[in-house]
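Student: Model the structure of this input:
(chains A, B, C and D)
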Protein chains: 2
Amino acid sequence: MAKDLNTEQKIKEAARKVFLKKGFAAARTRDIAEEAGINLALLNYYFRSKEKLFRQIMEESLHTFFSSVLPTMSDPNVSLRDKVPFFVNSYTDVLISNPELPVFILSELRNDPDHIVQTLQMNKRLNLSVLFGQIMEAQQKGEMIPLQPWNFLLNLLSLTVFPFIARPLIQRLSDTNDEQFKQLVEERKAMIKAMVMGYVFTEKGKG
Amino acid sequence: MAKDLNTEQKIKEAARKVFLKKGFAAARTRDIAEEAGINLALLNYYFRSKEKLFRQIMEESLHTFFSSVLPTMSDPNVSLRDKVPFFVNSYTDVLISNPELPVFILSELRNDPDHIVQTLQMNKRLNLSVLFGQIMEAQQKGEMIPLQPWNFLLNLLSLTVFPFIARPLIQRLSDTNDEQFKQLVEERKAMIKAMVMGYVFTEKGKG
DNA sequence: ATCTGATTTAATCAAATGATTAAATATTTT
DNA sequence: AAAATATTTAATCATTTGATTAAATCAGAT
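Tutor: Just a heads-up that it's a prediction; the model follows:
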């Protein structure tokens, strides 16, 4: 554990590591204290409880996971055609840097969905109306095929995020190392963009 | 809890319910016993330990999750073009009936990936060589664009499975009920098939 | 240097939890 | 029916675990 961090930062860094690896229920406060190189009581002195510490980590994780792309996706000055490659490139890069984030968030979503959704909505970055408005407008102009806006977004999310969720399975079944996995998802960038845009945009929309 | 099941079946049904809802670490054996309407000691009498009970549930879950589609995907007598719609239709139906399965498997994958992969490989149904062979053959014939076989499989899996993983988020953000969610994934069936096949198969391959 | 408040620790508590035991009850076999 | 075996229960154990306490140490102000 780096020496140049103050105690609070050390604890948070350790907590992030342990929580992301094991999830809330399986993580023990003693693990976190040991990882941080401090005493168990000190953890409670700084954060009051495991729950409170966890919430801070979760909120920061949600911020990392969403705020890297959502502001641009909510920007009416960025066209729909520009948003697709931006989303795929940015998100892939975020996930390469934080590969454990999707499983962490999506598995904790099962235990306390309301806290996560509430945190997301407080972070005013989540505003789908602009994106969905652009989709419906493009459809009215005949530039895009009929498709539920949510299904459009789900396609981008699925194709980008899912490989990181299934990563332990993929790497074992295909017997590949971390570097090869990174190469796989890098190759997916171009593929996802071509597949999604080729499917949703009409000839008129491609012009 | 149904009265016409014997004790072992009652315990397993209760365990499945609790484990799938909470995951291994957060599930308590007392929850399972109560859900089954039996005493805690009886659970250990039948299954020896929480761990052993969990492994049975996990192995059955893996069987449900994989063996419904993989045998056909490994069948050399089924063409690649037929496999895509079969996969999407069958998998979506399995997931509609077992919506909690993906999060359960993929989040436990983090804790004990080797057990899961080992269980999968013992279940001889997992044989990707036929599918991957068909992909490479189609590419050599010019019927399919160049694409890593794993990325082809990942596209199908991502687009089909991911919505079920993100379901709590989707339903809250879009304010929809279970019936509307089912409708959404039903609509995705046709979309996924059209998008994936439109992208990977060349004009020659579509003939 | 001393006082004061913040930080850190060792020790301990209380509750939760997986598991066991021994006894009671039900079922099957003889 | 009696014996033997299987099933079920209440009570208890031992460990784990989140949290607290009281004392010790450190840092900065006076």
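
Student: Next, work out how far apart A:Q134 and chain B are.
Tutor: Here A:Q134 is placed at a distance of 17 Å from chain B (CB to the nearest CB, to the nearest Å). C-beta: built from backbone N, CA, C; applies to glycine.

Student: Pull the contacting residues for the nearest residue to that residue once chain neighbours are set aside.
Tutor: Leaving aside its chain neighbours, A:Q134 sits nearest to A:L80 (4.5 Å; criterion: CB to CB, 6 or more residues apart in numbering or on different chains). The contact partners of A:L80, taken as CB atoms under 8 Å, 6 or more residues apart in numbering or on different chains, are A:131, A:134-135, A:138, A:144.

Student: which SS class is A:P146?
Tutor: Secondary structure assignment for A:P146 (DSSP: H, G, I helix; E, B strand; the rest coil): coil.

Student: So A:T202 sits against A:E143, correct?
Tutor: Yes: under the contact definition of CB atoms under 8 Å, A:T202 touches A:E143, with a separation of 5.8 Å.

Student: higher neighbour count, these two?
Tutor: Neighbour count, other CB atoms under 10 Å in any protein chain shown: between A:T202 and A:E143, A:E143 has more, with 18 against 14.

Student: now that one: how far from A:F201?
Tutor: With distances taken as CB to CB, to the nearest Å, A:E143 is found 6 Å from A:F201.

Student: what's the answer for A:V69, then?
Tutor: Using CB to CB, A:V69 is found at 20 Å from A:F201.

Student: Mark out where each domain of chain A begins and ends.
Tutor: When chain A is parsed into structural domains using automatic domain parsing, the resulting residue ranges are A:1-48, A:55-206.

Student: can you list the ones you listed in a markdown table and add mean pLDDT?
Tutor: Supplementary listing: the domains of chain A in a markdown table, determined by pLDDT from 0 to 100:
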| stretch | mean pLDDT |
| --- | --- |
| domain A:1-48 | 90 |
| domain A:55-206 | 95 |
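
Student: Save these as TSV, and put in distance to B:L159 too.
Tutor: Converted to TSV, the domains of chain A look like this (distance: least, CB to CB, whole Å):
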stretch	distance to B:L159
domain A:1-48	26
domain A:55-206	5
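
Student: and the residue nearest in space to the middle of chain A, what is it in contact with?
Tutor: In chain A, the residue lying closest to the centroid (CA atoms, centre = their mean) is A:F65, at 3.3 Å. Counting by CB under 8 Å, 6+ apart, A:F65 touches A:94, A:98, A:101-102, A:105.

Student: could you check the distance from A:V103 over to B:Q171?
Tutor: 20 Å.

Student: Give me the more crowded residue out of the two.
Tutor: Neighbour tally, A:V103 and B:Q171, criterion other CB under 10 Å: the higher count belongs to A:V103, 24 against 17.

Student: Tell me the spacing between the residue nearest to A:F181 when sequence neighbours are not counted and B:L109.
Tutor: Counting by CB to CB, 6+ apart, A:F181 lies nearest to A:Q171, which is 5.7 Å off, once chain neighbours are set aside. Note on A:Q171: its distance to B:L109, by CB to CB, is 11 Å.

Student: re earlier: ok so the residue nearest to the centre of chain A is a strand residue?
Tutor: No: the assignment for A:F65 (three-state DSSP) gives helix, which keeps it out of a strand.
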